[in-house]
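Pasting a predicted model and its sequence here:
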Amino acid sequence: MIATWFVALVTFVYLGSLFAVARFGDRRADAGRSVITATVYALAIAVYCTSWTFYGSVGRATTGGFSFLTIYLGPTIMFLFAAVILKMIRVSKTLRLTSIADFISARYGKSQLLAGLVTVIAVIGIIPYIALQLKAIAYSLKIIFPDDPEALIPDALEALSFMPDSTAIIAIILAIFTILFGTRHLDVTERHEGMVLAVAFESLFKLVAFMAVGAYVVWGLNDGFGDLFQRAAAMPNIAKLLQPESINFGNWFALTLLSGIAILMLPRQFQITVVENVDETHLRRAVWLFPLYLLLINLFVLPIALAGLIQFNGGSFEADTLVLTMPLAEGNAVMALIAFLGGLSAATGMVIVETIALATMVSNDLVMPILLRGRFDVSNRTDLSGLIMLIRRSTIVFLLLLGYLYYRSAGEAYALVSIGLISFLAVAQFAPAMLGGLYWKDGNRLGAFAGLGIGFAVWLYTALLPSFAKSGWMDSGFIHDGPWGISLLAAHKLMGMDSLDPIAHTLFWSLLLNLGAYVVVSIMTRQEAGEAAIASQFVNIQQVGDLAPRIWRGTASADALIELLKRFLGPRPAQSRLQRYAKSRGITKITNLQADADFVLFAETQLAGTIGSASAHVMVSSVVQEEELGLDEVLNILDEASQVRAHSKALERKSNELEAATRELRQANEKLMEVDRLKDDFMSTVTHELRTPLTSIRAFSEMLHDDPDMSADDRTKFLGIIVGEAERLTRLINQILDFAKLESGRVEWEVERLDLRPLLSATAESIGQLFRDKGTVFVLELPEDQQPVWVEIDRDRLKQVVINLLSNAVKFVPPVAGLIRMTLTHDAGYAQVAVKDNGPGIPEAYQSIIFERFRQGGNTMTDKPQGTGLGLPISREIVEHFGGKLWVESVPQDGAENSGEFAAGSTFIFTLPLARDGDVAL
Amino acid sequence: MQKALQKTLLKLGVAGCLALIVFNYPLLSLYRGYVGGLPTLYVVLFGLWLGLILIARRVADPSAMGSFKRKSNQDFE
């Protein structure tokens, strides 16, 4: 029905159109008019649907009913958690990460070993998957080949072959395509826009093809959905597939979870979703358009399966190729060809992207480290960019060859048929390290190693080896009976768990142990300093973005770094990127670049795009001397922000303190100004006081001078006045000097042990003339016990105090019937001297003021000053110096204390501590 | 802008959690029998799925809702 040559022609035309589309995409990209829109991005993500979807879903539906849907519901749900995907995109863009291996190793201290382990897991898990696609192509070719009508029946397939190596030819074409459009740039982070456009085109093609076949089956071969489902409902065997009872919900959940993880962890999905993402806003479209794509491509799966079941009721048929065999059985060659091309597009799209993704990992994380560590001379200054490109291209050929060889050797084996979900399980092992790394700062390298290692081991033992055994390559006893008959270790029922199907079983154990090991080891071991820094950047990417702290310290030469970049990127690309970088830092010439932390990180990030972050770190480390940063130092740098916060808090505190200090200073200043004002007042008082005696001295001197005939009596009288006034002047000046001395603390005290009794008597006697002049009665009352009252004091100073108080009292007692009484008492440790007068008394308001310097009772402006205003302050200074107190008690108007003699008046009282070893009666 | 994005992501996440519940046991076990000739499970599964897609579109991609809608709020920044 369909000529071989025609099938071949259509096949090559289709593949040729892929080249054309990709070329178009690259040209537009080069011209700066990107064709990668949000819709193209979402369609390209549909590379998720491989030939395993295209053919396999129908096959699964014929036996499992709705369970095939889990493979598509998982990704639908996962895309709603777009925050995770966005974070992955941001981290990868910031650090120029190009593969899952790169991602995981970068997160855990740029460990080459970890990158290698991830790569090995990915290759072992994915190569069979690639082989499955090649097999699907070969298989569909066999079916579509029309020469033998019997070819429609799968049993007859073995007898035929389309071309000896038709699959090989297609594999070669795919290799050429991948090399052409997948390795255009040395820098892997540069997008492969042509490739992405071609993959989106393939996605669209396979969707249209599958829906065309579906519509044909539903409306062409049957009378629509209703008719099909009614016929199915009539057949009990088929009808039960359509009811919830047929679903094993444990497996349902496990498969939803597994596919949800796989949509993030499959290398090809990471490549398209993260690495090839041009603009993160595109994710907004993908969040709903990709699920819609999945919905549409699954809409007809169940109807086609039912139609097949009904058509071949009871008979034997190959469920996995129903999409192809149904149109063929009806002789619809066009529809069959469309189905064939749809399957081809599903397979090729997957092979192309998966190969690019794996090639990046293998060349960057397996080949480069070996080359860089081995005989490869780092100091060699030749341009390495060509070699790197060659390595990557060879890797692509090698990977496709590996896939092809696996397909050839596995052939019809179970190992190939079941590989889809087994591959999912393999990549699911990346989830704890990857997602943990994004959200848990303390996850560390040893934890990642432990988790990945144990997860991979469980996967090998419970998934891969059993698939080998079922293919007859090895003894299958361990699957159900356990190795050496230890049933607890049976590969499909570890610890006797037999309620889960093998996929759910592996998922449970591998993820449980993987996650457990990752968490437990991370908690129990310490993170290295550099790792802690990068972990923080991963986890906080939304906040810090590109502004992550530059955690690097050491010495480097800018020339060496520039040389390194030129060697690995090629001289011209390196030159242009350095130029851009220099410009961004405001430097005009590359040679002026300083090898600071920022530049070192720039160089490393640029290299990471080409040779992977782990290798890039090794290379950069080879030309710079990095100083080991202690964990504390790194944490210090990381905590810079919080330190700044702390500093600002400290500043705030300081400023509060300053404010308080300012307040105190202002108060002090006010006090000072007050004192200054008092001094001014005093000056005018003192001047006034000084002028009075001076005036009289001058007046009497002039009289003596002008009148030589003055009588001797007058002369003597005048001279007496002059002498008196001069004495007063002297006294005044002495007091001022005295007070200045006291104030500045320059007084020399001559302390001695004295009895107060004789001292008071002698002092009172010395100014007896004063009392007699004014006719004042003076009474001295001493204790009756006749015991000496010992104090330690400066005799002259104490005399000064007593004289001051007595002369003050004399000044204020009335001219007639003036009365002054001085009383000495003593009690617990203190001697007390009170000088009482019957003067006018001191109003309460003045009682404290009179002890202040330069202040006097009464109005100084109107009344004639009665003293210097220094006597009392000086006395108080003296008394307080010896540990005593001086105060005044005054009764201005009424109240006689002891007798009627003191109806009013003031009492000045001072106390002095008694000498301790004195024989004073207490 | 960052805040609007966080809100969008949160809404999507909530939808995701709902989807996890809706697409699993025991809710799915309720849909027995047939509706209008089609298996209830088939109708419900695809119906819920489509509903989820429409919600996601409304929340995440307003610019796809038609040219008359505002085109802003599109940035993921």
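Received the coordinates, thanks.

the residue most distant from the middle of chain B, which is it?
In terms of distance from the mean C-alpha position of chain B, residue B:37 ranks first, at 25.8 Å (C-alpha atoms, centre = their mean).

my guess is it meets residue A:223, correct?
No. Look at residue B:37 against residue A:223 with C-beta atoms under 8 Å: they stay out of range, at 11.1 Å. The way it works is simple: take the backbone N, C-alpha and C, and place the C-beta from them, glycine included.

How about the secondary structure of the residue lying closest to residue A:729 once chain neighbours are set aside?
Nearest in space to residue A:729, with sequence neighbours left out and distances taken as C-beta to C-beta, 6 or more residues apart in numbering or on different chains, is residue A:693 at 4.5 Å. Residue A:693 falls in the helix class when you classify it by DSSP: H, G, I helix; E, B strand; the rest coil.

how near is residue A:693 to residue A:737?
17 Å (C-beta to C-beta, to the nearest Å).

can you check residue A:759 too?
Distance, residue A:759 to residue A:737, by C-beta to C-beta: 24 Å.

How about residue A:883?
Distance from residue A:883 to residue A:737, by C-beta to C-beta: 25 Å.

Repeat that for residue A:214.
For residue A:214, the distance to residue A:737 - C-beta to C-beta - is 121 Å.

Residue A:418 now?
Taking C-beta to C-beta, one finds residue A:418 at 115 Å from residue A:737.

next one: residue A:264
As judged by C-beta to C-beta, residue A:264 and residue A:737 stand 95 Å apart.

higher neighbour count, those two?
residue A:264 (24 against 10; other C-beta atoms under 10 Å in any protein chain shown).

can you tell if the one helix or strand the more buried one maps to touches chain B?
Using DSSP states H and E, residue A:264 maps to helix A:249-265. Yes. Helix A:249-265 lies within reach of chain B by C-beta under 8 Å from any C-beta of the partner chain, at A:249, A:252-253, A:256.

OK, contacts around residue A:830?
By C-beta atoms under 8 Å, 6 or more residues apart in numbering or on different chains, the contact list for residue A:830 reads A:884, A:911-914.

Residue numbers of chain A in contact with chain B?
Contact residues, chain A versus chain B (C-beta under 8 Å from any C-beta): A:38, A:66, A:69, A:73, A:76-83, A:86, A:225-226, A:229-230, A:233, A:242-245, A:247, A:249, A:252-253, A:256, A:280-281, A:283-285, A:287-288, A:291-292, A:295, A:299, A:302, A:542.

could you redo the last one with a cut-off of 6 Å?
Selection of chain A residues close to chain B by C-beta under 6 Å from any C-beta of the partner chain yields A:73, A:77, A:80-83, A:226, A:229-230, A:242-244, A:249, A:253, A:280-281, A:284-285, A:287-288, A:291-292, A:295.

The helix or strand hosting residue A:93: how far from the chain's middle?
Using DSSP H and E, residue A:93 falls within helix A:82-95. With C-alpha atoms, centre = their mean, to the nearest Å as the basis, helix A:82-95 stands 16 Å off its chain's centre.

cool, and stretch A:594-610?
On C-alpha atoms, centre = their mean, the centre of stretch A:594-610 falls 22 Å from the chain's centre.

Averaged pLDDT, it. What do you get?
For stretch A:594-610, the mean pLDDT works out to 80.

Pull out the CA atoms of it and give them to me as PDB.
Extracted in PDB, the C-alpha atoms of stretch A:594-610 (Å, rounded to 0.1, in the frame of the first residue of the first chain):
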ATOM      1  CA  GLN A 594      42.300  44.200  38.700                       C
ATOM      2  CA  ALA A 595      42.300  40.600  39.800                       C
ATOM      3  CA  ASP A 596      39.900  41.100  42.700                       C
ATOM      4  CA  ALA A 597      37.300  38.800  44.000                       C
ATOM      5  CA  ASP A 598      34.700  40.000  41.600                       C
ATOM      6  CA  PHE A 599      36.900  39.400  38.600                       C
ATOM      7  CA  VAL A 600      37.900  35.900  39.800                       C
ATOM      8  CA  LEU A 601      34.300  35.000  40.200                       C
ATOM      9  CA  PHE A 602      33.500  36.400  36.800                       C
ATOM     10  CA  ALA A 603      36.200  34.300  35.200                       C
ATOM     11  CA  GLU A 604      35.000  31.200  37.100                       C
ATOM     12  CA  THR A 605      31.400  31.800  36.000                       C
ATOM     13  CA  GLN A 606      32.400  32.200  32.400                       C
ATOM     14  CA  LEU A 607      34.400  29.100  32.500                       C
ATOM     15  CA  ALA A 608      31.600  27.200  34.200                       C
ATOM     16  CA  GLY A 609      29.400  27.900  31.100                       C
ATOM     17  CA  THR A 610      32.000  26.000  29.000                       C
END
